[in-house]
Every structure is written in C-alpha cells, then in structure tokens.
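J.: have a look at this prediction, sequence included:
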Amino acid sequence: MTTEHTVKSFDEELKRLGDMVAQMGGLAEAQLQAAIESLVSRDAEQAARVVQSDARIDQLERQISTQTVRMLALRQPMAVDLREIVAALKISSDIERIGDYSANVAKRAIALTQSPPMRPVGGIARMGRLVQQIIKDILDAYSAHDADKAVAAWKRDQEVDDMYNSLFRELLTYMMEDPRNIGPSTHLIFIAKNIERMGDHATNIAEIIHFLVRGEDITEARPKSDKTSFAVVTPPEETV
C-alpha cells in the first residue's frame with residue numbers, strides 16, 4: 001500500500017512539473033507574439049508590458065529548478081523518470097532565454113517608435129511568426145511526448161537562418177544608402193538576431209524532447225546556416 005501511494009505521489013509530482021514547464025512555454029510564446037505585435041504596430045505601451053511580464057517567466061523557472069532538485073534528492077529516480085526531471089530542468093532554462101530575448105525585442109521596439117517606420121519590419125515580423133510557430137509545435141511535442149513532431153520542428157531552424165541572412169543583408173544596404181537609417185537599422189538587426197537565437201533555443205528543446213522520449217540523441221547534424229559573419233554588401237554607386 002505504501003509503495004502504491006509513493007508511486008502515485010511521484011506520478012503526480014511529475015505531472016505538476018510538466019504542467020509548470022508547459023505553462024512557462026505558453027507564457028514565452030505569448031510574450032514573443034506580443035513583442036512582434038508591438039514592433040509592427042509601434043505600440044510602446046504594449047512593448048513595455050512585454051518587458052514587465054518577463055518576471056513571471058523567471059519566477060516559474062526558479063520554481064521548476066527548486067522542484068527538480070527536490071525530486072532528484074528525495075526520489076532518486078532512474079531511467080525514464082530521471083530523463084523526465086532533467087528534461088524539465090533543461091527545457092525551462094531554454095524557455096527562460098526565449099523570454100529574455102522577447103523582452104529584448106520589446107525594448108528595441110520601444111526605441112524604434114522614435115524613428116520613422118522602415119520596410120524591413122515586415123520581414124522581421126514574418127521571421128518572428130515562424131519562430132513562434134516552431135516554439136508552439138515543440139511545446140506541443142513536449143506535452144505529447146512526440147519525438148517525430150519535435151524533429152520536424154527542429155528541421156525548420158534552417159528556414160529561420162535563411163530569413164535572418166536575408167534580413168541582415170537588406171538592413172546593411174539600408175544603412176549604406178542613407179546614414180539616417182543606421183540607428184533604426186541597427187535596432188532591427190539586433191531584433192532579428194534575438195529572434196534567430198530564439199530559434200536556436202527551440203531546437204535545443206527539440207533535441208531534449210527526442211532524448212527524453214527515445215533515450216538517444218538526434219543523429220542528424222543540426223540545421224544551421226547563419227552566414228552573417230561572412231556577409232559582404234557592395235555599397236551603392238555614387239551618382240555625380
């Protein structure tokens with residue numbers, strides 16, 4: 001009877017842990033969406049709310065960390081139970097970073113309200129929506145313990161990198177065409193990089209889910225094609 005009660009109690013703790021991770025992921029996903037919306041609509045008040053809401057994500061990460069340490073110490077889990085607890089700890093760390101990057105996007109969105117609108121904002125919004133969808137699919141994969149869905153989302157990081165490379169070159173061109181574009185273009189480059197990094201953390205989560213479910217790492221090479229370190233943009237010819 002004691003053993004049966006202990007097993008049931010442990011299962012309940014694992015479920016609560018998973019629910020906390022899912023809640024944290026949902027908040028981060030919503031935060032990214034709100035940050036992109038504030039950028040497009042040039043809504044400084046909405047962006048400020050995104051920055052403030054990051055504290056709730058940080059709080060959840062601390063709670064998850066405390067809970068996982070407690071469970072590891074008291075339950076001494078093995079095999080899949082151990083993977084479940086460690087996965088929750090690792091995933092919460094990646095989600096916390098996604099929340100931080102969303103707050104960074106919102107901060108720069110506030111700064112951009114002081115400058116005229118720029119066309120590349122539309123491309124950054126599309127990139128943000130793509131990363132948001134990837135995050136959603138990966139969180140769904142975590143809830144369902146679906147390794148195949150996690151891998152499918154993992155492979156889409158290539159699309160994110162391709163969009164980032166294109167935006168980077170476009171924004172450099174804007175900066176060279178008119179020095180007045182340098183300030184806002186710099187903010188947009190940092191926003192695009194923050195979104196690209198969210199995609200990287202989403203792929204981290206996908207890899208953790210795969211190991212959680214299958215007990216082995218993804219054997220394929222991680223999709224990665226950020227070429228901005230080697231980008232060369234030819235300045236426009238001067239007209240006489």
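T.: Sure thing, it's come through.
J.: element containing the nearest residue to Ala22 once chain neighbours are set aside, please.
T.: Once flanking residues are discounted, Ala22 sits nearest to Ser143: 5.7 Å by Cβ to Cβ, 6 or more residues apart in numbering. Just so you know, the C-beta spots here come from the backbone N, C-alpha and C atoms, and that holds for glycine as well. Taking DSSP states H and E as the definition, one finds Ser143 inside helix 121-144.
J.: let me see the mean pLDDT of that helix.
T.: Helix 121-144 carries an average pLDDT of 96.
J.: got the CA coordinates for it in CSV?
T.: What follows is helix 121-144 as a C-alpha-only set of coordinates in CSV (Å, rounded to 0.1, in the frame of the first residue of the first chain):
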residue,chain,number,x,y,z
VAL,A,121,9.9,45.4,-40.1
GLY,A,122,7.6,43.3,-42.2
GLY,A,123,10.3,40.7,-42.9
ILE,A,124,11.2,40.6,-39.2
ALA,A,125,7.5,40.1,-38.3
ARG,A,126,7.4,37.1,-40.6
MET,A,127,10.5,35.7,-39.1
GLY,A,128,9.1,36.2,-35.6
ARG,A,129,5.8,34.4,-36.6
LEU,A,130,7.8,31.5,-38.0
VAL,A,131,9.8,31.1,-34.7
GLN,A,132,6.6,31.4,-32.7
GLN,A,133,5.1,28.5,-34.7
ILE,A,134,8.2,26.4,-34.2
ILE,A,135,8.1,27.1,-30.5
LYS,A,136,4.4,26.1,-30.4
ASP,A,137,5.0,22.9,-32.3
ILE,A,138,7.9,22.0,-30.0
LEU,A,139,5.8,22.7,-26.8
ASP,A,140,3.0,20.5,-28.3
ALA,A,141,5.6,17.8,-28.9
TYR,A,142,6.8,18.0,-25.3
SER,A,143,3.2,17.7,-23.9
ALA,A,144,2.5,14.7,-26.2
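J.: how about that helix: buried residues?
T.: Using 16 or more other Cβ atoms under 10 Å as the test for burial, helix 121-144 gives 121, 123-124, 127-128, 130-132, 134-139, 141-142.
J.: from those residues, which is closest to Glu170?
T.: Out of the buried residues of helix 121-144, the one with the shortest distance to Glu170 is Gly123. That distance is 7.1 Å, counting by Cβ to Cβ.
J.: how about that closest one: what's its closest non-neighbour residue?
T.: Nearest non-adjacent residue to Gly123 (Cβ to Cβ, 6+ apart): Leu167, at 5.2 Å.
J.: contact partners for that neighbour?
T.: 120, 123-124, 127, 188-189, 192 (Cβ atoms under 8 Å, 6 or more residues apart in numbering).
J.: how is Glu220 assigned, secondary-structure-wise?
T.: Recorded secondary structure, Glu220: coil (DSSP: H, G, I helix; E, B strand; the rest coil).
J.: pull the longest helix from the chain.
T.: Of all the elements of type helix in the chain, the one with the most residues (DSSP state H) is helix 2-41.
J.: got the angle for it vs helix 121-144?
T.: Using axes from the mean of the first three to the mean of the last three Cα atoms, to 10 degrees, one finds that helix 2-41 and helix 121-144 are set 170 degrees apart in direction.
J.: among the buried residues of helix 121-144, which pair sits farthest apart?
T.: Put simply, by Cβ to Cβ the two of these set farthest apart are Val121 and Tyr142, 31.2 Å from each other.
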